[in-house]
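Visitor: what follows is a predicted structure for the sequence shown.
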Amino acid sequence: MRSTQIRLSATALREADAITRHLRQEAGSSVERRFALELERTLDLLTTSPDIGRMTSRTHIHVLMLSRFPYHVIYRIVGPNELIVLRIRHAHRRPLTWL
């Protein structure tokens, strides 16, 4: 089985950074580290199972919820072995209104 290559958009990188900063300030560095590990675990899962996320009404766009934090990873499959993470958003925000 070939591994899927994952790229993070500039927006997704900024959002991940903002989330980790917020968690560090509000809940401490241990929660920040747990979030970073959970995000990494989720991205690793996508390398082997890119279709695991819920399909949306938008072409090739999927949403996958992190297991331990209320955040969605929104991504687009751009080729047979490549996807790009478009956004990382809190689950209480409407995920597709800002794509």
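Guide: Now that the structure is in, tell me what you want to look at.

Visitor: run through this protein and note the low-pLDDT ranges.
Guide: 1-2, 94-99 (pLDDT under 70).

Visitor: tell me the buried residues in the one helix or strand Arg76 maps to?
Guide: Element membership of Arg76 [criterion: DSSP states H and E] is strand 71-79. Using 16 or more other C-beta atoms under 10 Å as the test for burial, strand 71-79 gives 71-77. All C-beta atoms are positioned from the backbone trio N, CA, C, and that covers glycine.

Visitor: and the residues you listed as CSV, adding distance to Pro50?
Guide: Shown next, in CSV, are the buried residues of strand 71-79 (distance: C-beta to C-beta, whole Å):
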residue, distance to Pro50
Tyr71, 18
His72, 16
Val73, 11
Ile74, 13
Tyr75, 8
Arg76, 10
Ile77, 6
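
Visitor: still on that earlier bit, strands paired with the strand holding Arg76, and their directions?
Guide: Sheet pairing for strand 71-79, assigned by DSSP bridges, gives strand 61-65 (antiparallel), strand 82-90 (antiparallel).

Visitor: with just CA atoms, put the last one into CSV.
Guide: These are the backbone C-alpha positions of strand 82-90, laid out as CSV (Å, rounded to 0.1, in the frame of the first residue of the first chain):
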residue,chain,number,x,y,z
GLU,A,82,-1.8,13.3,-2.2
LEU,A,83,-4.1,15.5,0.0
ILE,A,84,-3.9,19.0,1.3
VAL,A,85,-5.2,20.1,4.7
LEU,A,86,-7.2,23.2,4.0
ARG,A,87,-8.3,24.2,7.5
ILE,A,88,-8.3,23.1,11.2
ARG,A,89,-11.4,24.4,12.8
HIS,A,90,-13.3,24.2,16.1
